[in-house]
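Undergrad: need the 3D shape of this:
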Amino acid sequence: MLKHIVMFKLKEAALGADKAENLQRVKLRLEDLKDKIAEIKFFEVGVNITNSGAAYDLALLSEFDTQTALLTYQSHPEHLKVAEFVQEVCESRTVVDYFS
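TA: Numbers count the residues shown, from 1 in each chain. Coordinates of the predicted model:
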């Protein structure tokens with residue numbers, strides 16, 4: 001199983017909304033993908049609850065059968081729409097992919 005983990009730091013404000021509102025927007029848009037992209041085997045999105053300077057604001061934990069399935073997910077038109085929005089509201093993001 002291929003694990004795909006992404007963590008996001010959001011801008012304080014973007015696209016006319018504050019960080020809290022954009023966090024919910026990103027969370028909902030990401031969660032919507034699990035019903036639209038067949039290659040997704042597991043998908044979980046969580047908002048950070050700790051107050052640490054080292055913390056990211058949002059985490060995505062997902063699983064795919066193969067690296068090809070992950071690449072299909074990443075190039076899917078629905079994912080690309082979400083990625084475009086995320087790019088506008090995120091300050092930074094980090095990712096790790098590994099087989100378990």
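
Undergrad: quick one, helices of this protein?
TA: In the chain, the helices defined using DSSP state H lie at 19-33, 67-75, 77-89.

Undergrad: hey, which of the ones you listed is tucked in deepest?
TA: Among those, helix 19-33 has the highest mean neighbour count (mean count of other Cβ atoms under 10 Å), at a mean of 17. (Each C-beta comes from the backbone N, C-alpha and C, glycine too.)

Undergrad: what residues does that helix touch?
TA: 8, 10-15, 17, 40, 43, 45, 47, 57-58, 60, 73, 76, 78-79, 81-82, 85-86, 89-90 (Cβ atoms under 8 Å, 6 or more residues apart in numbering).

Undergrad: let me see the contact set for the residue nearest to the spatial centre of the chain.
TA: Among the residues of the chain, residue 60 comes closest to the average C-alpha position under Cα atoms, centre = their mean, at 4.6 Å. Residue 60 is in contact with 4-8, 30, 43-45, counting by Cβ under 8 Å, 6+ apart.

Undergrad: now the buried members of these.
TA: Restricting these to buried positions leaves 4, 6-8, 30, 43, 45, with burial counted as 16 or more other Cβ atoms under 10 Å.
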